[in-house]
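Trainee: Predicted structure and sequence below. I'll ask about it afterward.
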Amino acid sequence: MTLVRRSDGRVRFLVRGDLEDVDEDIVEYGDEDDPAILCTDQYTIYDGIDEYDEIDGHLAINHDEHYVVGDAHTNSCENRHSFLRNWLRRFRGVSKHHLQGYLNFFSLTLNTDRWFEKILSTDFYR
């Protein structure tokens, strides 16, 4: 799952086997002041996702008919996925066990201008 905040464009990638408790992840990463409204494609896994208490709305885009409906689109997520595919290609395969770690690192590089300095200043032994 790819989450992109509208306010600042920050991205978060999550490895999920299903959508159980996904509303908590969405609300945790979303903007505190804005309601959590999801814009997705019409993949059937998202059916019923708007029934979660923390999700205020769900807009499903039918790509056979259009790519944007008003302010709703999935272009930001698709853009981040194009970066992700190219970045993962260099590893020639990633273990499912370590995939979330790769995704966390890649989102750090996308979200932080000075990511290398941030890594060097982190105390991993705390």
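Mentor: The structure has been received and is ready for your questions. Note that this is a predicted model, so its numbers are computed, not measured.
Trainee: Can you classify residue 40 by secondary structure?
Mentor: Recorded secondary structure, residue 40: strand (DSSP: H, G, I helix; E, B strand; the rest coil).
Trainee: who's in contact with the longest helix seen in the chain?
Mentor: The residue-count maximum for a helix in the chain (DSSP state H) belongs to helix 75-89. Applying CB atoms under 8 Å, 6 or more residues apart in numbering, the contact partners of helix 75-89 are 2-4, 6, 9, 11, 13, 67-68, 94, 102-103, 106, 110. For glycine as for every other residue, the C-beta is placed from the backbone atoms N, C-alpha and C.
Trainee: need the next SSE after it, C-terminal direction.
Mentor: Counting by DSSP states H and E, the element after helix 75-89 in chain order, helix or strand, is helix 99-111.
Trainee: Using CSV, list the CA coordinates for that following helix.
Mentor: Output in CSV follows, covering the C-alpha atoms of helix 99-111 (Å, rounded to 0.1, in the frame of the first residue of the first chain):
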residue,chain,number,x,y,z
LEU,A,99,10.8,-5.8,1.9
GLN,A,100,9.4,-3.4,4.5
GLY,A,101,13.0,-2.4,5.4
TYR,A,102,13.8,-1.6,1.8
LEU,A,103,10.5,0.4,1.5
ASN,A,104,11.2,2.3,4.7
PHE,A,105,14.7,3.3,3.4
PHE,A,106,13.4,4.3,0.0
SER,A,107,10.6,6.4,1.6
LEU,A,108,13.3,8.1,3.7
THR,A,109,15.2,9.1,0.6
LEU,A,110,12.1,10.5,-1.0
ASN,A,111,10.8,12.4,2.1
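Trainee: And it, how far out from the chain middle?
Mentor: 11 Å (CA atoms, centre = their mean, to the nearest Å).
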